[in-house]
Each structure stands twice: as C-alpha cells, then as structure tokens.
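Enquirer: Sequence below, structure please.
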Amino acid sequence: MEMRGDLWRGAMASWPGLARQMAEDPDAWVAAPLARREDARVARILLRLDGRGGQLALKHQARPETGFDTDIAAHLAVQQVWPEGIARLHAVDLEARSCVMDHLPAEPLSEMMGAAPLARQETLLRRAGAWLDGFHRAMPGERRIFQPKFTIRYLHEVMAEVASGRRPVLEPHRFLACARSLCAMAPRYEGGETQTARTHGDLHQRNLMLGADRAWGIDFKGGRVVPVGHDIARLLVDYAVLHAPKAAIPPGEVLPPSAMAAFFEGYRVISSGDLSIALLLRNRVLAEWWGLPVQGRGIAQDRRWHGVDQLAARVFPGL
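Expert: Numbers count the residues shown, from 1 in each chain. Here you go, the predicted model:
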C-alpha cells in the first residue's frame, strides 16, 4: 500500500512537535503506514510509530479543514470519564490537524464481520453491545418519554425534498412509499420511556475496534444528548446493510432475530423492546437510502446500495 504522498509528508511534518509534547526523541521512532482515506470530502492518514517504548498511532487529517478541534474535544471528554473504552491521546497539534494516540491491538468490527457466519456475527454483536453499554453509562443523560414526532417531522422534510426533486434519491417513488409506510406506523411508537446519553455521533462498524478481549471506540463526533437508540440504530443498520444475511430477516424486521438478541445481551441500558428502537432502526434504513448519491457512486457505495435495496425489501415488504 503506497502512502508516501502529501498525506504522509503532512503527518511526518507534524511528528517532531508532537514528539516534543511527549518528551520523546522523534528520531527514535520509525513510522509505517496503517490506513488512508482520500476522497472528495476526506483526506486522512494513520501511521504506526514503533519505538523502544512500544507502539503508537499518528493520525493526520488534511480534509476536512474544520471540525478536527471539536472531534479532539469529544475524544478527550470520553477519555476523562471512560479511559478504558478508547485509545488514549498523548499529543495534539490542532493547527496541523494531527494527534498521537495509543496503537490498538485490534481490528475494525466491519473487517471482523466480513464473510463471518451468523453465529460468529452474533458473538461480535454481543461484544459491540457491551462496549456501547459502557459508553452510554459513562456519559448518561436522563430517562425521557420518547417522542416520535421529531424523527417523523424531519422525515417529512426529506420526503418533500425528494418529491420536489430537490433531493435526488435512487428509486424515488419506492423511497416515498416506504417513508409513508413508516410515517403511518408512528403512533404505535408513542408514549414509551427511553434513556438519553451523550452519543458517539458517528457510530458505524469502522469506528468500533475489537481486540482479543477488549473493545475501543474511535473517531468520536461529539454527539448530542439524545435517546441512546440513535447510536444503536446507526451501528445495527450499518451491520444489517453490509453483513446481515438478508434471508434471515423476517418480513417487517430490520435484523435477524438472533442478531438483535445477541446485541442486547451485551447492551443493557435499554432493552430491544424499547419503542424508540423500532422506529429509529427503520428510519435509519431510510437515512442510509437518502444518503447515497444517485450518480458517481464508487465500488463501496454501490455495495452499500445493494445492501440497502435488499434490506428495504425486508423492512418494508411489498413496497
């Protein structure tokens, strides 16, 4: 994997200053590439640093040019109350948009799911649920009556944009039929109590790292204090789109029942019967749909659309 371009040079240019913050000799560490993302929106590189003191990770972000400071603040907020659940930050250069943190002996949940059979996926979901349970308990909000009207109100705004052509989506007539179906279901989700917490803000499978016996969250976006179902829906629908065996999902449901049960064996802040979960999972399927571009999709986005297409057929049967 060739990474020695502008991102590599930007990361290495920031390294001496970061090393000084840690009272380390920058020349005593050797850098090696770990990962890179470079597209129209994001340009980011992750390097492994090897030294006599062990291993660290150097992250450098060229794009976007804004938001790095708030992401670091979100990370530090979690580190203060739940250090065992995240990679510890050691040094930060906000101007260079670079930081050094622990190197994790772990893989992203997305890679571990891969082509794993359902039984193995359930084990991973159980562990993912346990991590999210710990995170939400570390940054709790309050018990609150769940009000579907806020989700449905925003969904109506999206539907109006789709109907007018201001928001292009794939198969717009089918999308609107599915969205109308969810709006009609809204009354059944009213009146239940749920739990709020400070949410991750972008909890997909790539932002949850699993090691042999530990799990860590990464790339916190400083989510608001909202019902915990928002984080749960983001993570579980990402799994359902990309990895869940669609034939194992009963009509009208979002996940295989055994996968849902496994996650909530690890996650205990609320139960799978919480009314917010049913609505937010289904709304997240629609959010995945409206978030995909109609044209100019890459391989990864085509794969995601294939998963959304199949999943929507299970969640909204006959539409």
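Enquirer: would you put the C-alpha positions of the longest helix along the chain in PDB?
Expert: Of all the segments of type helix in the chain, defined by DSSP state H, the longest one is helix 118-138. Taking Å, rounded to 0.1, in the frame of the first residue of the first chain, the C-alpha atoms of helix 118-138 are listed here in PDB:
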ATOM      1  CA  LEU A 118     -24.400 -15.600  11.500                       C
ATOM      2  CA  ALA A 119     -23.200 -17.400  14.700                       C
ATOM      3  CA  ARG A 120     -19.900 -15.500  14.600                       C
ATOM      4  CA  GLN A 121     -21.700 -12.200  13.800                       C
ATOM      5  CA  GLU A 122     -23.800 -12.700  16.900                       C
ATOM      6  CA  THR A 123     -20.700 -13.100  19.100                       C
ATOM      7  CA  LEU A 124     -19.300  -9.900  17.600                       C
ATOM      8  CA  LEU A 125     -22.600  -8.000  18.100                       C
ATOM      9  CA  ARG A 126     -22.700  -9.100  21.700                       C
ATOM     10  CA  ARG A 127     -19.200  -7.600  22.300                       C
ATOM     11  CA  ALA A 128     -20.200  -4.400  20.400                       C
ATOM     12  CA  GLY A 129     -23.300  -4.100  22.600                       C
ATOM     13  CA  ALA A 130     -21.200  -4.400  25.700                       C
ATOM     14  CA  TRP A 131     -18.900  -1.600  24.600                       C
ATOM     15  CA  LEU A 132     -21.800   0.700  23.700                       C
ATOM     16  CA  ASP A 133     -23.400  -0.100  27.100                       C
ATOM     17  CA  GLY A 134     -20.200   1.000  28.800                       C
ATOM     18  CA  PHE A 135     -20.000   4.200  26.800                       C
ATOM     19  CA  HIS A 136     -23.600   5.200  27.400                       C
ATOM     20  CA  ARG A 137     -23.300   4.500  31.100                       C
ATOM     21  CA  ALA A 138     -20.100   6.700  31.200                       C
END
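Enquirer: What lies in contact with it?
Expert: The contact list for helix 118-138 (C-beta atoms under 8 Å, 6 or more residues apart in numbering) reads 78, 81-82, 85, 109, 112-113, 116, 195, 197, 200, 203, 208, 210, 215-217, 228, 231-232, 235-236, 239, 243-245, 248, 256, 258-259, 261-269. Backbone N, C-alpha and C define where each C-beta goes, glycine included.
Enquirer: please redo it, this time with the cut-off set to 6 Å
Expert: 81-82, 85, 109, 112-113, 197, 208, 210, 215, 228, 245, 258-259, 262-263, 265-269 (C-beta atoms under 6 Å, 6 or more residues apart in numbering).
Enquirer: now stretch 74-83
Expert: With C-beta under 6 Å, 6+ apart as the criterion, stretch 74-83 contacts 86, 138, 220, 222.
Enquirer: Stretch 175-190 now?
Expert: By C-beta under 6 Å, 6+ apart, the residues outside stretch 175-190 that reach it are 148, 152, 155, 159, 169, 275, 278-279, 282, 286, 289, 312, 316, 319.
Enquirer: and which of those residues is nearest to residue 33?
Expert: Closest approach to residue 33 among the contacts of stretch 175-190 (C-beta to C-beta): residue 289, at 34.2 Å.
Enquirer: quick one, what contacts that closest one?
Expert: 175, 308.
Enquirer: Residue 99 is in contact with residue 60, correct?
Expert: No. At 8.3 Å, residue 60 and residue 99 do not qualify as touching, with contact defined as C-beta atoms under 6 Å.
Enquirer: And the contacts of stretch 74-83, which two are furthest apart?
Expert: Farthest apart among the contacts of stretch 74-83 by C-beta to C-beta are 138 and 222. That separation is 14.3 Å.
Enquirer: Quick check: the gap between residue 303 and residue 309.
Expert: Noted for residue 303: a distance of 11 Å to residue 309, by C-beta to C-beta, to the nearest Å.
Enquirer: After the least confident helix or strand in the chain by mean pLDDT, heading C-terminal, what element do we hit next?
Expert: The least trusted helix or strand in the chain, going by mean pLDDT, DSSP states H and E, turns out to be strand 30-38, with a mean of 92. Downstream of strand 30-38, the first helix or strand assigned by DSSP states H and E is strand 43-51.
Enquirer: in that next one, what counts as buried?
Expert: 43, 44, 45, 46, 47, 48, 49 (16 or more other C-beta atoms under 10 Å).
Enquirer: What is the nearest of those residues to residue 142?
Expert: Nearest to residue 142 among those is residue 44, at 35.0 Å by C-beta to C-beta.
Enquirer: Nice, that's everything, thank you.
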